[in-house]
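K.L.:
Here is a sequence with its predicted model. Questions after.
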Amino acid sequence: MINLTKLKEIFGNVKDFRFFRAPGRVNIIGEHTDYNDGFVLPFAVDRFVFCAVRKNNTDKIRIFSALFNELDEFTLDEINDKSEKFWVNYPKGILWVLKNHGYEFKGMDIFLDSNLPVGAGLSSSAAIEMSVLKAVSTINNIDIDKKTMAKMGQKAENEFVGVRCGIMDQFTSAFGKKNHAIFLDTMTLEYKYVPLQLKDYRFLIIDTNVKHSLASGEYNLRRRQCEEVLKLTNKKSFRELKIEEINTLPEILKKRAMHVLAENERVLKTVEALESGEIEKLGELLYQSHYSLKDLYEVSCEELDFVVDFLKEKDIAGARMVGGGFGGSVIALVKKDVEDLKKELSENFKARFSIDLSFEDVQAEDGAMEIEV
């Protein structure tokens, strides 16, 4: 929740503040398909970025991050200028998008807090964007529907922050529904809610605490490689591409395309498995996804592979890396009591990498909203 003591310390009092939250997300399956017009199956998690906001009757925006213990301040005329503090560019990017859409607002005090792990592949960036957008639009009486919110968040990240992400993270943070996943067609933005009825199983997030930055080169490189696939095959979208049409591509591009095409099929099969109650089948698809990301898309790393291989050897139902890759977390489909497993995995991981694992038991939650504090 919001640290009210810190809020008062930074901004003098808590008068007139309104409070909002937006969730992070876990993607069950459908990795690196969202920017390729593909299918994804995420759910919003019960870990949030919290945003307190009020008008301050000046021409200045003051933003404080409790996580980084930093205050940034800029005038309304300086919204177009990127900040040297990387975290500021996520909320600032939202203000930039609002301004570019012609919406008017005055100076504000914005306080950000979070219980969402940063760098774990749970999309803390989209949660910042959606919490700030929900907060700023609400107090300024700007009416924005959820789909537009998601598009604006993606635009902020693509064009202001400089990360060429797809729309899945922002869409999930805006549209999340308690006890449900979201089956999303990222090409049409058509979606449906899929109940998460996992019987004796649950999802466990295992954070390797190996941090990655999606703004660094590899993520954007994968996007360029996928664009090159479409250029060489003369297709507008991966949805037009058939598996037999990629055989003449250079080997590296062939591997990238094979992952995207197969991953889309895995998403469809996962939805079927959930709807028919075939939870063990879901687990098999998770493993298939991980090894495709490792071998074909090449976005895994030694630490992620260690965790997934360990779980597979222990006959855990399913596991795969989540997020952009090169660190972050593994999602595992586990039985409800796995304390002994967590202990054994932690000890083995620590012995191998000298890093402590973190575990998050997550549930599906609702999307961005105003809250009472």
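P.N.:
Done, it's in.

K.L.:
confidence score at Arg18?
P.N.:
Per-residue pLDDT puts Arg18 at 97.

K.L.:
again, but for the one 3 residues further on
P.N.:
Looking at Arg21, its pLDDT stands at 98.

K.L.:
Count the residues that sit near it.
P.N.:
Counted by other Cβ atoms under 10 Å, the residues lying close to Arg21 total 28. (Each C-beta comes from the backbone N, C-alpha and C, glycine too.)

K.L.:
and what of Asp46?
P.N.:
Residues lying near Asp46 (other Cβ under 10 Å) number 18.

K.L.:
which regions of the stretch 101-250 of the chain sit below the pLDDT cut-off?
P.N.:
The model of the stretch 101-250 of the chain has pLDDT under 70 over residues 119-121, 212-216.

K.L.:
in it, which spans are helices?
P.N.:
Assigned by DSSP state H, counting those that start in this stretch, the stretch 101-250 of the chain shows helices spanning 124-139, 146-155, 168-175, 217-233.

K.L.:
gap between the third one and the chain center?
P.N.:
Going back to what we said before, that points to helix 168-175. Distance, stretch centre to chain centre, for helix 168-175: 8 Å (Cα atoms, centre = their mean, to the nearest Å).

K.L.:
Return the set of buried residues in that helix.
P.N.:
Buried residues in helix 168-175, defined by neighbour count with 16 or more other Cβ atoms under 10 Å: 168-175.

K.L.:
picking that back up, kindly reformat the helices of the stretch 101-250 of the chain as JSON lines containing distance to Asn89.
P.N.:
Output for the helices of the stretch 101-250 of the chain, formatted as JSON lines (distance: least, Cβ to Cβ, whole Å):
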{"stretch": "helix 124-139", "distance to Asn89": "10"}
{"stretch": "helix 146-155", "distance to Asn89": "13"}
{"stretch": "helix 168-175", "distance to Asn89": "15"}
{"stretch": "helix 217-233", "distance to Asn89": "16"}
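
K.L.:
Pick the most buried one from those.
P.N.:
helix 168-175 (a mean of 29; mean count of other Cβ atoms under 10 Å).

K.L.:
Looking only at residue counts, what's the top strand in this protein?
P.N.:
Looking across the chain with DSSP state E, the single longest strand is strand 39-55.

K.L.:
Can you report the mean pLDDT over the residues of it?
P.N.:
Here strand 39-55 scores 97 as its mean pLDDT.

K.L.:
helices and strands around it, which ones?
P.N.:
strand 18-29, strand 108-114, helix 124-139, helix 168-175, strand 180-185, helix 251-276 (3 or more Cβ pairs under 8 Å, 6 or more residues apart in numbering; DSSP states H and E).

K.L.:
want to throw those into JSON lines with distance to Ile355?
P.N.:
Shown next, in JSON lines, are these (distance: least, Cβ to Cβ, whole Å):
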{"stretch": "strand 18-29", "distance to Ile355": "21"}
{"stretch": "strand 108-114", "distance to Ile355": "22"}
{"stretch": "helix 124-139", "distance to Ile355": "20"}
{"stretch": "helix 168-175", "distance to Ile355": "25"}
{"stretch": "strand 180-185", "distance to Ile355": "30"}
{"stretch": "helix 251-276", "distance to Ile355": "27"}
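
K.L.:
Out of these, flag the one nearest Phe160.
P.N.:
Checking those against Phe160 by Cβ to Cβ gives helix 124-139 as the closest, at 10.1 Å.

K.L.:
How is the chain divided into domains?
P.N.:
When the chain is parsed with automatic domain parsing, its domains come out as 4-194+365-371, 196-361.

K.L.:
what about the first one, how long is it end to end?
P.N.:
Distance between the boundary residues of domain 4-194+365-371 (Cα to Cα, to the nearest Å) amounts to 14 Å.

K.L.:
With stretch 176-196 instead?
P.N.:
One end of stretch 176-196 to the other measures 12 Å (Cα to Cα).

K.L.:
okay, the domains of the chain, which one's buried deepest?
P.N.:
The highest mean neighbour count among the domains of the chain, using mean count of other Cβ under 10 Å, belongs to domain 4-194+365-371: a mean of 21.

K.L.:
Can you give me every residue that contacts the closest residue to Pro195 other than its chain neighbours?
P.N.:
Nearest residue to Pro195, sequence neighbours excluded (Cβ to Cβ, 6 or more residues apart in numbering): His180, at 5.7 Å. Counting by Cβ atoms under 8 Å, 6 or more residues apart in numbering, His180 touches 43, 193-196, 364.
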